[in-house]
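Undergrad: sequence and predicted structure are below.
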Amino acid sequence: MIAIIDYGAGNLTSVARALGHLGVACRITKQHDEIFASERVIFPGVGAAGEAMEIIRREGLDGVIRETIGQGKPFLGICLGAQIILEESEEDDGTPCLGIIPGSAKRFRSADLKIPHMGWNDISIARPHPVLEGVDSRAQFYFVHSYYPSPEKQEDVIAKTDYGVPFASAIGRKNVIATQFHLEKSGRHGLRILKNFCSWNGRV
């Protein structure tokens, strides 16, 4: 069973429907024991980092997430979930985040860009990863975001996307992977990545 962490985000049911389409059992939950009992964990997210982290801490989910990852359980972040696993976000005048991966979430700053970055865009795989195996090099994915992950170490960058500036659109290390793009809104290519995650053993 996959635990989808419930902190009130709007795209939880969309992720659950995508997993259901794949025939994968899942549960939207904030219950600590259910998260610990799951085989793998997904943290989907939309909204502001500050508000999300406030809820995560209030519900004690920050410790649960860190412990779950520390146990080696496969963990997938989506959209905001790719930002809050970093140390901090520039959103809300600076938001301390979970610190799973060194780095920060940065805001697009170019005056020439329409923000948020919204719509379809491609990705360029920076290093092979089991969760991205078999993804068509011409595949496009759906983005909606004003901030993007910026890990300190290049080895934590799995894929890149260009939107005026190149940015990390998939990041990860060990048993953690996160995509800035919405897998649940990206058609068959998003489903392919979700399917890969559902069989991934957490090792690279």
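TA: Thanks, I have it.

Undergrad: measure Val204 to Val41 for me?
TA: Separation of Val204 from Val41 (C-beta to C-beta, to the nearest Å): 17 Å. C-beta coordinates here come from the backbone N, C-alpha and C atoms, glycine included.

Undergrad: got it, and Asp33?
TA: Here Asp33 is placed at a distance of 13 Å from Val41 (C-beta to C-beta).

Undergrad: compare the two (neighbour count), which wins?
TA: The residue with more neighbours, out of Asp33 and Val41, is Val41; 23 against 9, by other C-beta atoms under 10 Å.

Undergrad: any buried residues in the single longest helix found in the chain, and which?
TA: Scanning the chain for the longest helix, with DSSP state H as the assignment, gives helix 187-199. Neighbour counts over helix 187-199 (16 or more other C-beta atoms under 10 Å) mark 189-198 as buried.

Undergrad: which residues does Thr68 contact?
TA: Residues in contact with Thr68 (C-beta atoms under 8 Å, 6 or more residues apart in numbering) are 35-36, 41, 75.

Undergrad: what packs against the longest helix of the chain?
TA: Applying 3 or more C-beta pairs under 8 Å, 6 or more residues apart in numbering; DSSP states H and E, we find helix 187-199 packed against helix 12-21, strand 40-45, strand 140-145.

Undergrad: the biggest strand by length in the chain pairs with which strands?
TA: Determined from DSSP state E, the single longest strand within the chain is strand 165-173. Using DSSP bridges, strand 165-173 pairs in its sheet with strand 157-163 (antiparallel), strand 176-179 (antiparallel).

Undergrad: pick the most deeply packed of those.
TA: Most buried of those by mean neighbour count (mean count of other C-beta atoms under 10 Å) is strand 176-179; its value is a mean of 27.

Undergrad: which other residues reach it?
TA: By C-beta under 8 Å, 6+ apart, strand 176-179 touches 69, 74-79, 81-82, 85, 100-101, 129, 131, 141, 149, 158-159, 169-172, 193, 197, 200.

Undergrad: before we move on, back to that, nearest to Ile2, of the strands paired with strand 165-173?
TA: Closest approach to Ile2 among these (C-beta to C-beta): strand 176-179, 13.9 Å.

Undergrad: avg pLDDT for that closest one?
TA: Across strand 176-179, pLDDT averages out at 98.

Undergrad: ok so, going back, what would the strands paired with strand 165-173 look like in CSV with distance to Ile56?
TA: Listed next are the strands paired with strand 165-173 as CSV, based on distance: least, C-beta to C-beta, whole Å:
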stretch, distance to Ile56
strand 157-163, 23
strand 176-179, 15
